[in-house]
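In: sequence first, predicted coordinates after that:
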Amino acid sequence: MRPPVAFWLIAPPTLFLALFFVFPLLKLVAISLPGGSTEYYNQIFTTPVFLRVIGETFRVSLIVTFVTVAVAYPYAYAMAHGGRAVLLVLTVALLIPFWVSLLLRSFSWIVLLQNSGLINDFLIATGVIDRPIRLIRTPLGVIIGMVHILLPYAVLPLYTVMKKIDLRLMEASSICGANWLKGFARIYFPLSLPGVMASAILAFTLSLGFYITPALLGSPRDMMIAQMIAGQFNEQLNFGLGAALAVVLMVLTAVAFGLFGAARATLQMRGQFGREA
Amino acid sequence: MNAALQDTAGTAMKLEGVSKHFGAVKALDNVSFELRKGEFLTMLGPSGSGKTTSLRAIAGFIQPTAGRLLIDGRDMTAVPPQKRNIGMMFQDYALFPHMTVLENVGYPLETRGIRRAEREKLSMEMLEIVGLASCAKRYPKQMSGGQQQRVALARALVFRPDIVLLDEPMAALDKKLRGQMQIEIMHITRQVGATVVSVTHDQEEALVMSDRVAIFKDGRLEQIGTPHQLYLQPRSEFVADFIGEANLLRGSVRQADDWILVEGDGWKANLSKDDPRCAALVGANKACVVLRPERIHAVPVGSETQNVGEGVIEDKIYLGVEYRLVVRMNDGGKINLRSRDVASIAGMKAGDRIGMAWAPDDIVIIGA
Amino acid sequence: MDKLRRVFFWLMIGLTAMFLLLPTLIIVPMSFTTTSTLEFPPVGFTLEWYGKVIGAPDWQQALINSLVVAFAAATLATVIGTMAALALHAHRFPGKMLVTVLLLSPMVTPVIVLAVGMYMVFSGWGLIATRLGLVLAHTVLAIPFVVVSVLASARMVNPSLAPASLGLGASRWFTFRRVTLPMIMPGVLSGAVFAFITSWDEVVIALFLADAQTRTVPIMIWNQVRTNLDPATAAVAAILIVLSAMGVLLSYKIREARS
């Protein structure tokens, strides 16, 4: 019996990805376990240098996620409830950076954050500081750059959820005696929670693997996992160790996504997703 | 509807000259009326008449451009909604989807700082009253439209507000449920002694549920009164036509001895000069006479009564309980006649000439 | 109190919007500076950097590499991605869920992991420092975008059209070419544009797979940026931004024209 059309359609893509996507990932796992030995993993989880890098990656990712979602929240709110003109303007402002490559934008941040750059000039001009502060090659610079890159990714899931929240519920809340703050805490925020979760997990997962931005804006002392992996391959030529680090990153990313799926499922059961009449 | 209530002292709310402009649009134009404690008032009118705007102004979602709103004697015009102690049932219920029915109903108590145990007790009591005690732990989306409506009502009443607002309460229900819920809501609000302001465009709903009805048109309050008063003593063509069916006969005024006549081509209406209704006719040469279809009787053509009309039957419709005749007058105008005197109408047919008569008491005069 | 809250809110929104736009907006003006290192605001006005970049043989080589790789990867990804999307949309088969996950996974895998993995495998296959290697790698990255785009388009198509065509006696290929393809064209084209841009901007994998001969524009930029802040880099960046803008407009025009 001849295979059905579906087979011919799906086989080439599957084969292609198996060969050029799955196989390289499997190869990494293989290299990281020479002869089945977990020596590289042992090394990673016992050596301070590596633990520090993993820790730094987590720390930065958490901070970046928190800041990004916090900035994205009001922005998404304005897009969802601000009316058509506002939505248009804010969407354009959001999508323009999306279309400019990450490399170019990180490069632009270097110029903005340098000692003679716009940010420092502005801070001095407004009297916040009187000498330029060091922003390049610091964790702060990395955070600013990463928040900038992640913002569009964080806004979209929030917007999608917020759009479905009927503001009449806030009216109902106010006539029930709640002031704005109470209404937000008890009604709006809980209803927006699925969006907050989706946004946070997405931002966190993406930031774990960041390479370009921390490499350009950060200092070698505070490097993140991706930079360490690159270093092992390019400079140390320690492929086994590099592969092991890569596998660790893969696993962390997969776990983060798994958490997202679990969080979504529980919220869905509690009827928090969407609004039904 | 409830004379006893009208005797209770106390004005629950007063609107004084309330106007609201949205740019050039006058949504409300100098609206004034009082709401008595314990009464059920319905604001009735077509869409765009200002009834919903008035409701939202009472709730505090809209700030009047001019005028005052007094609740229990205190000026609340600038007070935000959350401080007005008003309960409201929204048109699509606006139940909080992430809270159980019990939590929804308890929310106004929560915002007032009442502790959980007490809250749950009061909420359950309210749910008993609306008949939903068994659904306390369910979520809104698990309930039917009619049930959601009752939850919304319970939430609006649980904290015994000064005033309860109902925004088109029947709009989201199917026809069958409407009739039933109209009576139920009326009973529930009476049971808790609530003072109610409801908004609707459905005149039947207004007549069934209310102690008084306020009719709105183009942002103004046309007339306010009991259903009886509005039906039997409409003060404008609009009100006459909006409540029930009305025949509007426009004619010229003629004085004769002790009578004042209003007549047109093929009809005349007669009132004794000392009848109080003639006050509207002083100095006028045109007037409108309102006659309800069921108040017109078929009589032989050429009858010698003083309140009589004549025309040709255009349609004869059998409605089981009565006949409806559409009669065309000489001037082309149409009169609707409803008669339960099935025997005498049965013999008539379209094209016949017919005489119509009515008692002077059934005439309503509206100045032209 | 209410007024104050509103003012504060809109101020925050405005600042956020500026934060989003600032890096993009300064690039073009920056490229005109007469100083030898990058300044913003720029000092003076000159087009010399553009001249320098356009005339430089290494930039020209990089440009050619980028174009060839991006076109090839976009084409390959579009074909593969469209096939996959059609299979997912119109057919049932065992393991559909797994295949879907596979098709979308490159989008969520950290690119550094892909880069080193491909480096290890491609060295064994002699694909390092070749355009082919880069094309294959970029195709992997681009496939998810094409699949998502074509699927979105396919979902809006009337499902009875293809069976109707087949019922009238047309062959499967004919049906695809004359009925299905034209209807999903917006998704296919938009996916192709996405794929092109993905390859065009890609830097991490390129760093591992390319050498001095096969290096792409992003690699050149990366090298430049790490050493000094040359206004020439800003000129390149400005050109790239203008090209991106044109790409975006193109994809919107396609969507408008076809719907």
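Out: That came through fine. Residues are numbered from 1 along each chain as shown, chains lettered A, B, ... in the order given.
In: so who does the closest residue to chain B within the stretch 51-200 of chain C touch?
Out: Proximity to chain B, evaluated over the stretch 51-200 of chain C using CB to the nearest CB, is greatest for C:Arg155 at 26.0 Å. C-beta coordinates here come from the backbone N, C-alpha and C atoms, glycine included. Shown in contact with C:Arg155 (CB atoms under 8 Å, 6 or more residues apart in numbering or on different chains): C:His89.
In: what does B:Val289 give?
Out: B:Val289 touches B:Leu248, B:Leu249, B:Arg250, B:Gly251, B:Val262, B:Ala269, B:Ile363, B:Val364, B:Ile365, B:Ile366, counting by CB under 8 Å, 6+ apart.
In: could you redo the last one with a cut-off of 10 Å?
Out: B:Val289 makes contacts with B:247-251, B:262-264, B:267-269, B:271, B:307, B:358, B:363-366, as judged by CB atoms under 10 Å, 6 or more residues apart in numbering or on different chains.
In: again, but for C:Ile128
Out: Here C:Ile128 is in contact with C:Met118, C:Tyr119, C:Val121, C:Phe122, C:Leu134, C:Phe208, C:Leu209, C:Ala210, C:Asp211, C:Thr214 (criterion: CB under 10 Å, 6+ apart).
In: just B:Gly225 next, same as before
Out: B:Gly225 neighbours (CB under 10 Å, 6+ apart): B:Arg212, B:Val213, B:Ala214, B:Ile215, B:Tyr231, B:Leu232, B:Gln233, B:Pro234, B:Arg235, B:Val239, B:Ile243.
In: how about those residues in JSON lines, adding distance to A:Ile175?
Out: Supplementary listing: the contacts of B:Gly225 in JSON lines, determined by distance: CB to CB, whole Å:
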{"residue": "B:Arg212", "distance to A:Ile175": "23"}
{"residue": "B:Val213", "distance to A:Ile175": "24"}
{"residue": "B:Ala214", "distance to A:Ile175": "21"}
{"residue": "B:Ile215", "distance to A:Ile175": "25"}
{"residue": "B:Tyr231", "distance to A:Ile175": "33"}
{"residue": "B:Leu232", "distance to A:Ile175": "37"}
{"residue": "B:Gln233", "distance to A:Ile175": "36"}
{"residue": "B:Pro234", "distance to A:Ile175": "34"}
{"residue": "B:Arg235", "distance to A:Ile175": "34"}
{"residue": "B:Val239", "distance to A:Ile175": "31"}
{"residue": "B:Ile243", "distance to A:Ile175": "30"}
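In: pick out the most distant pair among those.
Out: Based on CB to CB, the longest span within these runs between B:Ala214 and B:Leu232 and measures 16.9 Å.
In: where in the stretch 151-277 of chain A is pLDDT low?
Out: Applying pLDDT under 70 to the stretch 151-277 of chain A flags residues A:267-277.
In: how about the residues of it by chain C?
Out: A:151-152, A:155, A:179-181, A:202, A:205-206, A:208-212, A:215-216, A:224-230, A:232-234, A:239, A:242-243, A:245-250, A:252-254, A:256-257 (CB under 10 Å from any CB of the partner chain).
In: near chain B, list only the ones from those.
Out: Answer for these near chain B (CB under 10 Å from any CB): A:Asn179, A:Trp180.
In: out of the contacts of B:Gly225, which are inside strands?
Out: B:Arg212, B:Val213, B:Ala214, B:Ile215 (DSSP state E).
In: now those residues: which count as buried?
Out: B:Arg212, B:Val213, B:Ala214, B:Ile215 (16 or more other CB atoms under 10 Å in any protein chain shown).
In: A:Leu118 reaches A:Val111, doesn't it?
Out: Yes: judged on CB atoms under 10 Å, A:Leu118 makes contact with A:Val111 at a distance of 7.8 Å.
In: who's more crowded, those two?
Out: A:Val111 (24 against 16; other CB atoms under 10 Å in any protein chain shown).
In: do stretch B:120-135 and chain A come into contact?
Out: No: on the criterion CB under 10 Å from any CB, stretch B:120-135 is out of touch with chain A, staying 12.4 Å away.
In: buried ones in that stretch?
Out: In stretch B:120-135, counting by 16+ other CB under 10 Å, buried: B:Glu120, B:Leu122, B:Ser123, B:Met124, B:Met126, B:Leu127, B:Ile129, B:Val130, B:Leu132, B:Cys135.
In: look up the closest residue to the closest residue to chain A within the stretch 51-200 of chain C, ignoring the ones flanking it.
Out: Residue of the stretch 51-200 of chain C nearest chain A, by CB to the nearest CB: C:Pro110 (2.6 Å). Distance criterion CB to CB, 6 or more residues apart in numbering or on different chains; nearest residue to C:Pro110, sequence neighbours excluded, is A:Gly209 at 2.6 Å.
In: hmm, A:Met228 and that neighbour touching each other?
Out: No: applying CB under 10 Å, one finds A:Gly209 not in contact with A:Met228, separated by 11.9 Å.
In: report how many residues lie close to B:Thr111.
Out: 19.
In: count of neighbours near the nearest residue to it once chain neighbours are set aside?
Out: With CB to CB, 6+ apart as the criterion, B:Thr111 has its nearest non-adjacent residue at 3.7 Å, and that residue is A:Gly177. Residue crowding around A:Gly177 was assessed by other CB under 10 Å; the count is 24.
In: tell me which parts of the stretch 101-250 of chain A are close to chain B?
Out: Residues of the stretch 101-250 of chain A lying near chain B (CB under 10 Å from any CB): A:165-180, A:182-183, A:186-187, A:190-191, A:193.
In: what about the residues you listed, which are in helices?
Out: Residues of these located in helices (DSSP state H): A:168-175, A:180, A:182-183, A:190-191, A:193.
In: and A:Arg105, which helix or strand is it part of?
Out: helix A:102-113 (DSSP states H and E).
In: give me the distance from that helix to the chain's centre.
Out: 18 Å (CA atoms, centre = their mean, to the nearest Å).
In: and stretch C:181-188, by the same measure?
Out: On CA atoms, centre = their mean, the centre of stretch C:181-188 falls 19 Å from the chain's centre.
In: which parts of that stretch are buried?
Out: Buried, per 16+ other CB under 10 Å, within stretch C:181-188: C:Met183, C:Ile184, C:Pro186, C:Gly187, C:Val188.
In: keep only those of these that are in helices.
Out: Using DSSP H, the buried residues of stretch C:181-188 in helices are C:Met183, C:Ile184, C:Pro186, C:Gly187, C:Val188.
In: which residues touch the third one?
Out: C:Pro186 makes contacts with C:Ser149, C:Val150, C:Ala152, C:Ser153, C:Met156, C:Ser251, C:Ile254, C:Arg255, C:Glu256, C:Ala257, C:Arg258, C:Ser259, as judged by CB under 10 Å, 6+ apart.
In: for ChimeraX, write the selection for the buried entries among the residues you listed.
Out: With 16+ other CB under 10 Å as the burial test, the buried ones among these are selected in ChimeraX as follows:
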select /C:149,150,152,153,251,254
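In: want to try CSV for the contacts of C:Pro186, with secondary structure and pLDDT as columns?
Out: Output for those, formatted as CSV (DSSP: H, G, I helix; E, B strand; the rest coil; pLDDT from 0 to 100):
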residue, secondary structure, pLDDT
C:Ser149, helix, 90
C:Val150, helix, 91
C:Ala152, helix, 88
C:Ser153, helix, 86
C:Met156, coil, 81
C:Ser251, helix, 73
C:Ile254, helix, 74
C:Arg255, helix, 70
C:Glu256, helix, 75
C:Ala257, helix, 72
C:Arg258, helix, 63
C:Ser259, coil, 60
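In: max-length helix in the chain?
Out: Since no chain was named, I'll use chain A. Per DSSP H, chain A has its longest helix at helix A:48-81.
In: could you do chain C instead?
Out: helix C:57-90.
In: what's the burial count for C:Leu161?
Out: C:Leu161: 13 neighbours (other CB under 10 Å).
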